[in-house]
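Participant: when you get a sec, could you give me coordinates for this:
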Amino acid sequence: MSGPEKPDQHELRTLVARAQSGDPRAFENILVLYQHGLLRFCRSMINSSGEAEDVLQEVYLSAWRQLSTLQSPEALSVWLYRIARHRCIDHLRKRTPLPQDFHDEEGNPGPRQVLEPRANASLESSAETRAAIVELRRFVNELPATQRECWVLKEVHDLSYSDISKIVSAPLTTVRGRIARARVTLAERMQPWK
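Facilitator: All right, here's what the predicted structure looks like:
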């Protein structure tokens with residue numbers, strides 16, 4: 001995740017405790033820590049910057065309302081990404097009917113687009129690299145929704161397998177399998193670009 005440097009565990013526990021006791025500044029500090037990663041995640045699910053920003057506001061509101069349910073400050077990141085995932089799914093359900101392959105085994109919608117460019121994308125300096133990135137985005141977007149969602153959380157957001165498992169409500173072995181299959185598929189599709 002990009003954005004401000006994350007506080008150590010003690011600072012995080014203190015921030016969460018202050019926010020849970022009603023301190024809006026502490027909650028605002030928490031949001032600043034996670035806003036860039038959460039926004040990228042929402043964009044990858046929804047494929048619209050404006051709509052992703054609206055959904056992110058819903059995420060903030062839900063998080064504030066549900067803050068008392070957070071039992072472990074160490075789980076804050078997973079907790080916020082789960083809320084974001086659910087708000088994105090709610091938004092997608094309201095927006096339009098989704099294609100059949102856009103649902104996971106439980107019937108939940110998956111992400112529409114991935115790999116939003118980062119501000120420090122120095123690798124995109126050459127035309128060939130830009131073309132390869134465009135192709136990678138296209139190939140990632142062609143992955144089955146469940147593989148795409150897990151791959152994005154791992155490779156773009158750098159979350160652990162365990163955290164991804166909690167976010168997508170799937171067993172750890174299923175998450176590992178989805179990511180492995182996505183990596184194999186992408187490696188095969190990107191072979192001409194090596």
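Participant: domain parsing for the protein?
Facilitator: Residue ranges for the domains of the chain, per automatic domain parsing: 1-96, 123-194.
Participant: and those, which one averages the lowest pLDDT?
Facilitator: Note on those: domain 123-194 shows the lowest mean pLDDT, a mean of 84.
Participant: hmm, back to that, export the domains of the chain to CSV and tack on mean neighbour count?
Facilitator: Every residue, glycine included, has its C-beta placed from N, CA and C. Converted to CSV, the domains of the chain look like this (neighbours: other CB atoms under 10 Å):
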stretch, mean neighbour count
domain 1-96, 17
domain 123-194, 16
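Participant: quick check: the nearest residue to residue 162 once chain neighbours are set aside vs residue 156, distance?
Facilitator: Leaving out its chain neighbours, the residue that sits closest to residue 162 by CB to CB, 6 or more residues apart in numbering is residue 172, at 6.5 Å. In this view, residue 172 and residue 156 are 20 Å apart by CB to CB, to the nearest Å.
Participant: center of the chain, which residue is that?
Facilitator: residue 41 (3.2 Å; CA atoms, centre = their mean).
Participant: what helix or strand does it sit in?
Facilitator: helix 24-46 (DSSP states H and E).
Participant: which residue packs closest to residue 150, ignoring adjacent ones?
Facilitator: residue 178 (4.2 Å).
Participant: can you pull the contacts of that neighbour?
Facilitator: 146-147, 150-151, 170 (CB atoms under 8 Å, 6 or more residues apart in numbering).
Participant: now it: how far from residue 89?
Facilitator: Counting by CB to CB, the gap from residue 178 to residue 89 is 17 Å.
Participant: again, but for residue 63
Facilitator: 16 Å.
Participant: and for residue 39?
Facilitator: 17 Å.
Participant: with residue 136 instead?
Facilitator: In terms of CB to CB, residue 136 sits 25 Å off from residue 89.
Participant: show residues contacting stretch 63-75.
Facilitator: Contacts of stretch 63-75 (CB under 8 Å, 6+ apart): 9, 12-13, 15-17, 19-20, 27, 31, 76, 79-80, 83, 166.
Participant: in strands, which of these fall?
Facilitator: Judged by DSSP state E, the subset of the contacts of stretch 63-75 located in strands is empty.
Participant: pick out whichever of the residues you listed sits closest to residue 59.
Facilitator: residue 83 (5.4 Å; CB to CB).
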